[in-house]
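Engineer: A structural model of the following input is requested.
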Amino acid sequence: MSLKPISKALNKEDLIESKTRLAQGQLFSRFVLTLLLCFVLIQLIVTALLIYQQHFQAKQMMSSLKVEYQRFLVFESPQKLEHVLTSYPDKLQASAMMVISQEGEQQHHVAGLALPSPVNALTDKNILVSNWLDFVFGPAYLSLKLTPEKAESQPLSQPSSRLSSNQAYWLLLHVPTKLSALVEKWILVSVVLGILSVLISFIVWRLLKTTLQPLHILARGLDNREAWQQGENEAENEVDKGSQKSANKGLAALNQGVNQAMGQLKTANTSMSHTLDGIAHDLKTPLSRILLTSEKTLATDNIHQADLVNALADCAESASQANQLLTTLMKINDEVIGRYDIAQESVSIKTLVTDVASWYEEIAEEKEVILMIADRPDQICISDPKRLTQILVNLIDNSIKYSEKDDEVLLTWGEEDSACYICVKDTGIGIEEDKHAAIFERLYRVDHSRTQAGYGLGLAMVKVMLASLNARISVTSELGKGSEFCVFLPQESE
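Structural biologist: Residues are numbered from 1 along each chain as shown. Predicted coordinates:
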C-alpha cells in the first residue's frame, strides 16, 4: 500500500500569475535597458557635436583675431599691438585664448589667460590642420602665429615697427578651459534625457500594467483551477514533465496553463456529452417500461384488479429508478456547489468501518463474498461523519458488486505521512490502468454492457465529497487481480 499526503497549496513561485508578473517585470527591464542605451548613444552623439561645434568656432575665432592683430604688426607696431591687447583682454579671456611673444627660447605673456608654463612645439599649422578630435586627444594648446612674413621687409622709415629676427607673436587657445565650458551644456542635456527616460519609463510601465492586467486575471483563474485540482484524483493531476520544463517562467507558463485549461474544457465537454448520453440511456429504460406498461394496461378491457396492481407496481419501480438517478445527480451537483455545510467532528474510524461493514454482511453472504475487517487500533480523525459514511458505503458497495464468489473484501485503516487513511481492498475483477481516472466521472461504468446494477455515480459522489473534505483518494488496481481504494484525511491526535 502506498499513500500520498494531501497536496499543499501551490508555492508562490509556481503560480502562473507570479510568472506573468515576472515576465512583465523582465519586459519592462529590457525596455528600460534599451532606452538607457539609446539615451547614452544620443548623449555621445550630442557630446561629439558640441565638441565639433566648439572646435569649428575656435578655428573661426582664431583666424579672425589673427587677421585683426596682424594689422597692428603690419601697419602699426608691436608696441601698439601689446597696448591694445593689454587694454582689452576680456575678449581673449572669454574665448579661453592668450597672446604670447617669443624671442628665442623666451616666452612672454602679453594678454588673455595666464600662461602657467612655457608652451613647447609651437607651429603655425597647428590650428589649421587640427580636427575636433584634437580637442579630446590633442595637445593642451592650439597655436596660430600672428607675426607676418612681410614684417621683415618693412621700410626703414618705421624702425619702431620692426621686429627682431627671432621675435614672434603667437595666439594660443587653451583647450581644457574651452572644453570646461561644454560641461554645463553636457549636464543640461543629461538632465533632460534623464527626465525623459523617467517619464517614458513611467508611461510604458503604466501601459504594460494596463495591457497585461487581463493576462494576470486569466493567470489567477488558472492558478485557482490548478489549486482546486490538487484535491482531486492523482490520475487527473498528471502533467507532461517536458512541457513543464519548457514553460517554467514568464508568459510561457501562461501559455501552458491556457493550453491545459483548453484541454480540460474539451475533456469536460466530451464528458458532458457522455454524461448526457448516459442519462438518456439510463432514463430511457424505466421511462419505456412505464410507457409500455401504461399503454398495455389501458389497452386491456376488463382488466383484473391484480393485473392493475402489478402494472402500477412496475410503473412505480421504474419511476423510482429514474427518480433515484436524478436525485443522485442533484446530490452530486449540490456537493460541487457547496450547498451544504461541512461538519467537523471527531470520528472514530474503527467504529465507522465496523458500523458500515455490518450493513453489508447479509449482501456479502448472499453473494458468497468474504467481508473482513482488519484488527487494528482505533484512529481518530476530524471530518464530516455523514460524508465519510457515504464515501465508505459507496466504496464497499462497489467492491462487493464487482467481486465474485469466494473473493475477499478487506477493510483497513491507519496512519501514514501525517494523514489517517481508510482502505477498501478486494480481489474482484479489477480495473484497467488506463481507466483509473475515468471511473470517477459521472455515469462512467467499467461494465459497459451494464449487466451490473447501478448508474455509475457512486465514485463520482465519492470524488466530490472528498473535495469538500479536503481529502484524497488513491487507486491501485490491476485487471483480474482486484482493486484497492484508499482515502486519506487530515488527522488530529488525541
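
Engineer: how about the strands of the protein, start to end?
Structural biologist: Assigned by DSSP state E, the chain shows strands spanning 97-103, 106-112, 141-145, 167-174, 345-348, 370-373, 380-383, 408-416, 419-426, 472-478, 482-490.

Engineer: where does pLDDT dip in the stretch 101-250 of the chain?
Structural biologist: 121, 123-130, 148-165, 225-250 (pLDDT under 70).

Engineer: take the strands of the chain and lay them out in TSV including distance to residue 296 and mean neighbour count.
Structural biologist: All C-beta spots, glycine's among them, are computed from the backbone N, C-alpha and C. Output for these, formatted as TSV (distance: least, C-beta to C-beta, whole Å; neighbours: other C-beta atoms under 10 Å):
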stretch	distance to residue 296	mean neighbour count
strand 97-103	126	21
strand 106-112	130	17
strand 141-145	123	21
strand 167-174	123	23
strand 345-348	51	14
strand 370-373	42	16
strand 380-383	50	20
strand 408-416	42	19
strand 419-426	42	23
strand 472-478	44	19
strand 482-490	42	23
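
Engineer: which one of the ones you listed lies closest to residue 63?
Structural biologist: Within those, the stretch nearest residue 63 is strand 141-145; the backing value is 7.5 Å (C-beta to C-beta).

Engineer: orientation of that closest one relative to strand 97-103 in degrees?
Structural biologist: The directions of strand 141-145 and strand 97-103 differ by 60 degrees, with axes from the mean of the first three to the mean of the last three C-alpha atoms, to 10 degrees as the criterion.

Engineer: partner strands of strand 141-145, parallel or antiparallel?
Structural biologist: Paired neighbours of strand 141-145 in the sheet (DSSP bridges): strand 167-174 (antiparallel).

Engineer: which residues touch stretch 358-374?
Structural biologist: 353-354, 357, 393, 396-397, 400, 403-413 (C-beta atoms under 8 Å, 6 or more residues apart in numbering).

Engineer: returning to what we had before: could I get the strands of the chain as CSV with distance to residue 86?
Structural biologist: CSV is the format used below for the strands of the chain (distance: least, C-beta to C-beta, whole Å):
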stretch, distance to residue 86
strand 97-103, 9
strand 106-112, 5
strand 141-145, 19
strand 167-174, 13
strand 345-348, 109
strand 370-373, 122
strand 380-383, 104
strand 408-416, 104
strand 419-426, 102
strand 472-478, 101
strand 482-490, 100
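
Engineer: residue 20: which of those strands is closest?
Structural biologist: strand 472-478 (28.9 Å).

Engineer: tell me what the closest one is packed against?
Structural biologist: helix 458-468, strand 482-490 (3 or more C-beta pairs under 8 Å, 6 or more residues apart in numbering; DSSP states H and E).

Engineer: what distance do you get for residue 176 to residue 307?
Structural biologist: Per C-beta to C-beta, to the nearest Å, residue 176 is found 124 Å from residue 307.

Engineer: mind pulling up the pLDDT for residue 278?
Structural biologist: Note on residue 278: pLDDT of 62.

Engineer: then residue 328?
Structural biologist: Per the predicted model, pLDDT is 75 at residue 328.

Engineer: that one against residue 462, yeah?
Structural biologist: No - here residue 328 does not reach residue 462: they are 12.0 Å apart, not a contact under C-beta atoms under 8 Å.

Engineer: neighbour-wise, which of these two wins?
Structural biologist: residue 462 (25 against 18; other C-beta atoms under 10 Å).

Engineer: report the contact partners of the more buried one.
Structural biologist: By C-beta under 8 Å, 6+ apart, residue 462 lies in contact with 391, 394-395, 440, 473.

Engineer: looking at these, spot the one nearest residue 34.
Structural biologist: The closest of the contacts of residue 462 to residue 34 turns out to be residue 440 (C-beta to C-beta; 51.3 Å).

Engineer: what is the top helix by length along the chain packed up against?
Structural biologist: The longest helix of the chain (DSSP state H) is helix 16-75. Here helix 16-75 touches helix 78-87, strand 97-103, helix 126-129, helix 134-137, strand 141-145, strand 167-174, helix 175-229, helix 250-299, going by 3+ C-beta pairs under 8 Å, 6+ apart.
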